[in-house]
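Q: this one's sequence-less:
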């Protein structure tokens, strides 16, 4: 729905609260809710979609433990409402019927239970609640078929030639004629190593030694699954409640490089001020990922070694400084020079490994400044030569005669952005300096934008 249309539906024309869509965050949150829902059913699944937005629970053999389906649904609603969520909860004999009841009847934070054998009570609901594809919706809309009852009255065999077998499959799943299987959501395994001491330790070197042993065991478990450590959480817990030291080591890329991890851990421990006896040491892999496979080649040993060195450097900086402080410039295809680069996390990019240089670009390197000013700096053109090229300019109070001028090079932005029209010149002064200047075509003002090596 466009924002303008949503604004018309808002009472009293009050301003809307706009929140950016984040499908990845929504999926992570839904997966966490699936773990919560596993207390109500041994089989919890996410609906099959690119961006799932619902949980499907199989309560076969479970409802009697709660005193019936209504009490079961009541417990589910109460649990999620207590966590601050709004939900539509429905219970029916088939997945399709439960989906239609939950999406067709607006009942926030309430539940509806449809007894077995009473699917005809859903005939008045819209066909949009049957999980049909958009093409089928448009066909039925042209035919004047809006409700489930109207659709069920049609011959299914004749629907195949018009809208395909996907529609008849959804109808069969709604009625229970075609079984629909759920793919249970299985939370990722927790990789954790823990050691509890019979007598608390006060010597830091013993605590560090035991922590390194736990780290080695943790890395061995990950390596067996071809996984690497991306984020490590270390906790030294004391006997008294609230007495603990905790560190989060963020590595970025998955790794099982034990010397590197030992170095990062020891750096954290050296800064710690231990003022209590440690009773428990715990190491948890907060984030893991698949290890990257490197294809070996007979003549690429130097490139492989260089890539490993860069990867180690980036990981070490990432662990010491944090993800927000390790980045590199990435080229962007944009006509405006100040918009041709952007900062990108060095962990997420593979361009930092590309240290080769295209030989065809070498003669063109001097045509662009190696140092670009953060903002174009105004200059005064005191004299022009033939072809309307600058001959003498004044910048920061100093006059400079231009012995060589190349250009102009026209730079314009697209019509969908703020209009930018410039003519760029490469100039060489009498002192040998090479500058990149431009003239704005709308105001005829001149600016210095960079210095060419």
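A: Sure, I can see it. In this text, all values refer to a predicted model and were calculated from it rather than measured experimentally.

Q: Can you name the residues that contact the closest residue to residue 372 other than its chain neighbours?
A: Excluding its sequence neighbours, the residue lying closest to residue 372 (C-beta to C-beta, 6 or more residues apart in numbering) is residue 450, at 4.4 Å. Where you see a C-beta, it was placed from the backbone N, CA and C, and this is true even at glycine. Contact analysis of residue 450 by C-beta atoms under 8 Å, 6 or more residues apart in numbering lists 337, 368-373, 435-436.

Q: how near is residue 450 to residue 377?
A: As judged by C-beta to C-beta, to the nearest Å, residue 450 and residue 377 stand 10 Å apart.

Q: And for residue 227?
A: Distance from residue 227 to residue 377, by C-beta to C-beta: 51 Å.

Q: These two: who's more crowded?
A: residue 227 (20 against 14; other C-beta atoms under 10 Å).

Q: neighbours of residue 387, just the number please.
A: 8.

Q: what about it, which SS state?
A: Three-state call for residue 387 (DSSP: H, G, I helix; E, B strand; the rest coil): helix.

Q: ok, it - contacts?
A: No contacts exist for residue 387 under C-beta under 8 Å, 6+ apart.

Q: cool, residue 111 as well?
A: Counting by C-beta under 8 Å, 6+ apart, residue 111 has contacts 70, 73-74, 76-77, 89-91.

Q: So which residues of this structure form helices?
A: 3-9, 23-37, 69-82, 95-104, 134-143, 148-152, 156-163, 165-175, 204-224, 258-270, 301-321 (DSSP state H).

Q: thinking again about what came up before, I'd like to know how far the residue nearest to residue 372 sits from residue 255.
A: 39 Å.

Q: what does residue 402 give?
A: Using C-beta to C-beta, residue 402 is found at 54 Å from residue 255.

Q: Pull the number of nearby residues for residue 120.
A: Considering only other C-beta under 10 Å, residue 120 is surrounded by 10 other residues.

Q: hmm, I was thinking of residue 221
A: Other residues lying near residue 221 total 15 when counted by other C-beta under 10 Å.

Q: same check, this time on residue 198
A: Neighbour number of residue 198 under other C-beta under 10 Å is 5.

Q: And the one 4 residues further on, by the same measure?
A: The criterion is other C-beta under 10 Å. On that basis, residue 202 has 12 neighbouring residues.

Q: That one contacts residue 278, correct?
A: Yes: between residue 202 and residue 278 there is a contact at 7.5 Å, judged by C-beta atoms under 8 Å.

Q: Could you report the pLDDT at residue 364?
A: Note on residue 364: pLDDT of 56.

Q: again with the one 4 residues further on
A: Here, the pLDDT recorded for residue 368 equals 78.

Q: Now the phi/psi pair for it, please.
A: Backbone geometry at residue 368, expressed as degrees, to the nearest 10, gives phi -120, psi 140.

Q: That one reaches residue 436, doesn't it?
A: Yes: under the criterion of C-beta under 8 Å, residue 368 is in contact with residue 436, at a separation of 7.4 Å.

Q: quick revisit: quick check: of the contacts of residue 450, which has the highest neighbour count?
A: Going by other C-beta under 10 Å, residue 436 tops those with 24 neighbours.

Q: Without its sequence neighbours, what residue ends up closest to that residue?
A: Using C-beta to C-beta, 6+ apart and skipping residues adjacent in sequence, the residue nearest residue 436 is residue 450, 4.2 Å away.

Q: next one: residue 57
A: residue 41 (4.1 Å).

Q: next one: residue 117
A: residue 93 (7.7 Å).

Q: which residues sit in contact with that neighbour?
A: 114, 116-117, 119, 176.

Q: Buried members of these into ChimeraX, please.
A: One line in ChimeraX is enough to select the buried members of the contacts of residue 93, burial here meaning 16 or more other C-beta atoms under 10 Å:
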select :114,119,176
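
Q: Output the contacts of residue 93 as TSV; include the columns distance to residue 23.
A: Shown next, in TSV, are the contacts of residue 93 (distance: C-beta to C-beta, whole Å):
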residue	distance to residue 23
114	31
116	36
117	38
119	33
176	32
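
Q: would you turn the contacts of residue 93 into a markdown table with pLDDT and distance to residue 15?
A: Formatted as a markdown table, the contacts of residue 93 follow (pLDDT from 0 to 100; distance: C-beta to C-beta, whole Å):
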| residue | pLDDT | distance to residue 15 |
| --- | --- | --- |
| 114 | 91 | 40 |
| 116 | 89 | 48 |
| 117 | 89 | 49 |
| 119 | 91 | 44 |
| 176 | 91 | 47 |
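
Q: From the contacts of residue 93, pick the one nearest residue 250.
A: The shortest approach to residue 250 among the contacts of residue 93 belongs to residue 114, at 48.6 Å (C-beta to C-beta).

Q: what's near enough to touch the closest one?
A: Applying C-beta under 8 Å, 6+ apart, the residues near residue 114 are 90-93, 97-98, 101, 121-122.

Q: do the same with residue 229
A: Counted by C-beta under 8 Å, 6+ apart, residue 229 has contacts 218-219, 222, 251, 254-256, 261, 285, 287-288.

Q: That one pairs with what?
A: For residue 229, the beta-bridge partners are residue 255, residue 288 (DSSP bridges).

Q: Read off the pLDDT value for it.
A: So, for residue 229, pLDDT stands at 89.

Q: any idea how far residue 238 is from the nearest residue to residue 243 once chain neighbours are set aside?
A: Nearest in space to residue 243, with sequence neighbours left out and distances taken as C-beta to C-beta, 6+ apart, is residue 276 at 4.7 Å. According to C-beta to C-beta, residue 276 stands 4 Å off from residue 238.

Q: ok, now residue 9?
A: Residue 9 is 56 Å from residue 238, by C-beta to C-beta.

Q: So between those two, which is more surrounded?
A: Neighbour count, other C-beta under 10 Å: between residue 9 and residue 238, residue 238 has more, with 17 against 8.

Q: if I pick the more buried one, what's in contact with it?
A: Applying C-beta under 8 Å, 6+ apart, we find residue 238 in contact with 200, 244, 276-279.

Q: Could I get these in TSV, plus columns for neighbour count, distance to residue 110 and pLDDT?
A: Shown next, in TSV, are these (neighbours: other C-beta atoms under 10 Å; distance: C-beta to C-beta, whole Å; pLDDT from 0 to 100):
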residue	neighbour count	distance to residue 110	pLDDT
200	15	52	91
244	15	43	90
276	15	50	91
277	17	53	92
278	25	50	93
279	19	48	93
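
Q: Could you single out the nearest of the residues you listed to residue 33?
A: residue 244 (29.1 Å).

Q: if I look at the nearest residue to residue 182 once chain neighbours are set aside, how far off is residue 180?
A: In space, residue 182 comes closest to residue 45 once its chain neighbours are excluded; the distance is 4.1 Å by C-beta to C-beta, 6+ apart. Per C-beta to C-beta, residue 45 is found 10 Å from residue 180.
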